[in-house]
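Trainee: build me a structure from this.
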Amino acid sequence: MDNDFSELLSQAEQLANDIDGVGELPRVERSLRQVLDASNDLWSKVTLHEAPDIQAHMMLASKGVDLTQLSQKLDTLSTRKTFEPLEPVPEADISSYLKNEVENVLLSLVEGTHRRASAAADQRLWDSIRQNWSKEMRQMFNALHGSSRPLDLQGLPETSTLADIAPVHSRLDHMEMAYAKEVIDYNNRIIQGVVRPQLVQKFATAAESFNNLKVNELWEIVRYMSHIAPQFRDNPLLLRTSSPTQNQLILQARKYLEDRYKRYMTSVVEGNLARACRGGIPGTLSLVRSFVDLRVLGGLQGMLGLEDGQVDKKPIWPQLYYCLRCGDIDAALACATQAGSQMDDLCAILGALKSSPERALDPSMESTVRFQYRCNIRKSPDPFKRAVYCILGACDVSDEHSEVAKTADDYLWFKLCQIREGDRTDARSGENITLQHLQTLISQDYGETHYNALEQPHVYFQMLFLTGQYELALEFLWRIDKLKVHAVHMAIALHESNLLAIPNSPESPLLCEDPSDQKPHRRLNLARLIQYYVRRFNLTDMREALHYYYFLRGMRLPSGDNLFRSCISNLSMESRDFGTILGRLEPDGCRAPGLIDIFNGVQAEPSEIIEMVGSNLEKKGLFEDALEVYDLAGNHEKVMSLMSSLLSQVVHLVSQQGSLRFRLAAKATDVAHRIDGNKFRCSDETYRTFKTLRHLLEFFDKYHAGEYVKALELIAESGLIPSKTEEVENRVNNFRKLGDEICHNFPQILLATMTILHSLYNRTRGNANMSLSSSRLEYSMTEKPLQSYREQAKAITSFAGTMPYRLPGDTNSKLVQMEILMH
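Mentor: Residues are numbered from 1 along each chain as shown. Below you'll find the predicted structure:
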């Protein structure tokens, strides 16, 4: 017993110690405020996760819905059993077997339909995304390549007339106008079928009037590089990457650089005649010696390594180099001959070079030059001597010869002289430079940054163009705001010479790459370039705009439409000046010429262009404009059908000045008058519909004007609705032959006719009541019209009930109500 009490005492003491905090955890004493705060904190943590469920319970409970029961019902629903595989049944159980087969077929149909619907939805989604992205991308390109010149937002200028086609307020500056005149003259010659002039020369001549030396230099480059006979009409890049054409490109580029350097030497010598001491026989050699006096001997401290003596008191190798730099091989050969026997080997080399029509040594001679260079010349201290051998034999192509080639022109000329293709490459050294390698070096390895292109656009343009990269050069020039106008016309001139590579689709970016083309060539989208350029003045100078669009006559959109016609269509819809562009319709129905008649010929037939404009207007929902354009084109079927479609929507309305109904009524009258004097080419059904709608126009005009008797006569003449019950069946049969344009106006026709009958009935009945004191004969005469009105009203309600057309519910009730009021 004592042990039990001891154990109880020990346990009690232990519990006391735990309560007093003697254990591991400290005892915490809190006030009532602290307990409340702790409770709120715990409650917020618990209800944070359950708040949506509580809110859902509260919201649904306010509508009388028990969320708990609803959740339980939803949990019991399952589609698993619906689409799970069916259990196999014994073959003898025919009913179960047939049931399984039917369910299998249904399940396979549901699954196949779901799969096809999902695939079709995904396909439509991606098609829509791609289409929207293409549209956004074109808009972004248009915005990026748009002109940065300020736009005139003070309103549209006055439109021109045929007597004075030139707009009153032209947006063309003097340079643009000068180019536009040459474009118009060139196109007129093509239209007339005469021999077309060289467009490059015409533009270059026009540019001379700008008094800008840099622009003249640009056009001189284009003129030199366009002297190439085209061979492949379909692919200019195939022409330019062929070996014969590449040789011509290189020779033309060298010729330009050589002629330009010769002019430079002449200007230097003429500017320093006192120091130059020019004399002797006039010619390149005399010019070179004077130039050597000024440039080489004047800076003797930098030219201490000159070798092999002098000729006419001038070092021999500088004279030879500058003779070659001017492109005068005869002068170089004369200079080498005067140097004596030490230059016999070089004279033989220069003689072979002179006799070559391609200005190139044969492979065996080049091998000799390279051998001499490797053995004797490579370590020579004379930079001009090394340069001459490197030019003649294409040696050390990696050496830039900075002591001699000090400018970008010198560098480019040097590299052009060292280009070797095919079997003329140096197989032993493995160091060769091709035109493709030089193009890549300039456009990609060096690029715009190396040449400081934004500050010196003419230099970078020259480097690109002289290496045959026309498209890159023109796209770069287009990005320079003050040179845009020249870039566009250079592109046009090259395209007319079949030297510009353009993409297959006119919707391609301005500069694009074709995988089949040799790198680093690109294609320039001439269509987009011209549209960018013309967009600034197409609303004010329409004649000039159309002449620029004429260059696009040979291109087609992916839809197959001719791009020239498409541009005319877009311009017509944008300006809405159809009279100026497409011509005007005379009172006798003949079309007066418009601007498009200037281009009457192949791929520019006016009637086809007008038809295309009308079709595009119709697709955009501009039916009134489409109606006018189709009338210009003489498409009477479209005129009648569009007129009927438009009239059917407004024929029952009140005519107000300037409203659609007012305009359509005037147009319908004009068309009807021309029908009387000319035979229209349209179907009988279309003509009957148009004629009936014109009859209804007059009927509703009389109805709204209160001329009920005349209106009733007109509707009776039309034969659309019965006047007697005997005519109901006949009118129902006729109704089936009517077009939709007339059928959907029958509710208004029936209501208007019944309103007229009810009004005339009341008016006649009022007159009868006033004549009660008169004789019975007069009263009986008044009763006959009332009976006629009631009979017509009955015929109308019978017709409305039997006609094969679902009338609005209120229409039938109104008709019956008015008929009852006439009894």
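
Trainee: after the worst-scoring helix or strand of the chain on mean pLDDT, which helix or strand is next?
Mentor: Lowest on mean pLDDT, DSSP states H and E among the helices and strands of the chain sits helix 80-83, with a mean of 51. Helices and strands here follow DSSP states H and E; after helix 80-83, the next one along the chain is helix 94-144.

Trainee: who does that next one touch, helix- and strand-wise?
Mentor: Other elements packing on helix 94-144 under the criterion 3 or more C-beta pairs under 8 Å, 6 or more residues apart in numbering; DSSP states H and E are helix 80-83. Glycine gets a C-beta too; all of them are placed from N, C-alpha and C.

Trainee: is residue 366 in contact with residue 395, as I believe?
Mentor: No: between residue 366 and residue 395 there is no contact under C-beta atoms under 8 Å: 9.3 Å.

Trainee: tell me where the stretch 451-600 of the chain has helices.
Mentor: Taking DSSP state H, counting those that start in this stretch to define them, one finds helices in the stretch 451-600 of the chain at 457-466, 470-478, 484-496, 526-534, 542-549, 563-575, 578-582.

Trainee: what sits against residue 664?
Mentor: Going by C-beta atoms under 8 Å, 6 or more residues apart in numbering, residue 664 touches 624, 643, 646, 647, 650.

Trainee: narrow the residues you listed to just the buried residues.
Mentor: Neighbour-count burial (16 or more other C-beta atoms under 10 Å) applied to the contacts of residue 664 gives 643, 646, 647, 650.

Trainee: so which of these comes closest to residue 455?
Mentor: residue 646 (60.4 Å; C-beta to C-beta).

Trainee: ok, that closest one touching residue 623?
Mentor: Yes: counting by C-beta under 8 Å, residue 623 is a contact partner of residue 646 at 5.8 Å.

Trainee: what sits closest to residue 202 if chain neighbours are left out?
Mentor: Distances taken as C-beta to C-beta, 6 or more residues apart in numbering put residue 182 closest to residue 202, at 4.6 Å, once the chain neighbours are dropped.

Trainee: burial of residue 719, as a residue count?
Mentor: 14 (other C-beta atoms under 10 Å).

Trainee: show me the contacts for it.
Mentor: So residue 719 contacts 731, 734 (C-beta under 8 Å, 6+ apart).

Trainee: quick check: it vs residue 632, distance?
Mentor: 34 Å (C-beta to C-beta, to the nearest Å).

Trainee: and for residue 455?
Mentor: 53 Å.

Trainee: do the same with residue 470
Mentor: 41 Å.

Trainee: and whichever strand or helix holds residue 670, what's buried?
Mentor: Under the criterion of DSSP H and E, residue 670 resides in helix 660-677. Within helix 660-677, the residues that qualify as buried are 660, 661, 664, 665, 667, 668, 671, 674, 675, counting by 16+ other C-beta under 10 Å.

Trainee: could you do stretch 205-225 as well?
Mentor: 206, 207, 210, 215, 218, 219, 221, 222, 223, 224, 225.

Trainee: before we move on, what SS does the closest residue to the first one other than its chain neighbours have?
Mentor: I take that to be residue 206. Using C-beta to C-beta, 6+ apart and skipping residues adjacent in sequence, the residue nearest residue 206 is residue 178, 4.6 Å away. Residue 178 falls in the helix class when you classify it by DSSP: H, G, I helix; E, B strand; the rest coil.

Trainee: I figured residue 178 hits residue 209, correct?
Mentor: Yes: between residue 178 and residue 209 there is a contact under C-beta under 8 Å: 6.2 Å.

Trainee: buried residues in the helix or strand following the helix holding residue 670, which are they?
Mentor: Using DSSP H and E, the next helix or strand after helix 660-677 towards the C-terminus is helix 684-705. For helix 684-705, a neighbour-count test (16+ other C-beta under 10 Å) marks 686-703 as buried.

Trainee: now do helix 684-705: which elements does it pack against?
Mentor: helix 636-650, helix 660-677, helix 708-718, helix 740-743, helix 746-770.

Trainee: re earlier: was I right to think the residue nearest to residue 202 contacts residue 203?
Mentor: Yes: the criterion here is C-beta under 8 Å, and residue 182 meets it with residue 203 at 5.9 Å.

Trainee: which residues touch the closest residue to residue 584 other than its chain neighbours?
Mentor: Nearest residue to residue 584 in three dimensions, chain neighbours excluded: residue 592, at 4.6 Å (C-beta to C-beta, 6+ apart). Counting by C-beta under 8 Å, 6+ apart, residue 592 touches 162, 583, 584, 585, 586.

Trainee: now for the residues you listed, which pair is the farthest apart?
Mentor: 162 and 585 (12.8 Å).

Trainee: so those two - more neighbours on which side?
Mentor: Remark: of residue 162 and residue 585, residue 585 carries more neighbours, 18 against 14, as counted by other C-beta under 10 Å.

Trainee: which pLDDT value goes with that one?
Mentor: Per-residue confidence at residue 585 stands at 85 (pLDDT).

Trainee: and it, bridged to which residues?
Mentor: With DSSP bridges as the criterion, residue 585 is bridged to residue 591.

Trainee: in this structure it contacts residue 634, no?
Mentor: No: Residue 585 is beyond contact range of residue 634, at 9.5 Å (criterion: C-beta under 8 Å).

Trainee: shared neighbours, those two?
Mentor: residue 591.

Trainee: and the helix holding residue 670, how far from the chain's centre?
Mentor: Distance, stretch centre to chain centre, for helix 660-677: 38 Å (C-alpha atoms, centre = their mean, to the nearest Å).

Trainee: cool, and stretch 347-354?
Mentor: Distance, centroid of stretch 347-354 to centroid of chain: 56 Å (C-alpha atoms, centre = their mean).

Trainee: same check, this time on stretch 645-659
Mentor: 38 Å.

Trainee: stretch 642-656 now?
Mentor: 37 Å.

Trainee: okay, now residue 331: neighbour count?
Mentor: Neighbour tally, residue 331, other C-beta under 10 Å: 22.

Trainee: gap between it and residue 322?
Mentor: 9 Å.

Trainee: do residue 250 as well
Mentor: Noted for residue 250: a distance of 21 Å to residue 322, by C-beta to C-beta.

Trainee: neighbour count for those two, which is higher?
Mentor: residue 322 (27 against 23).

Trainee: look at that one and give its secondary structure.
Mentor: Assignment for residue 322 (three-state DSSP): helix.

Trainee: what is the burial count for the nearest residue to it once chain neighbours are set aside?
Mentor: Of all residues not flanking residue 322 in the chain, residue 288 sits nearest, at 4.5 Å (C-beta to C-beta, 6+ apart). Counted with other C-beta under 10 Å, residues neighbouring residue 288 total 27.
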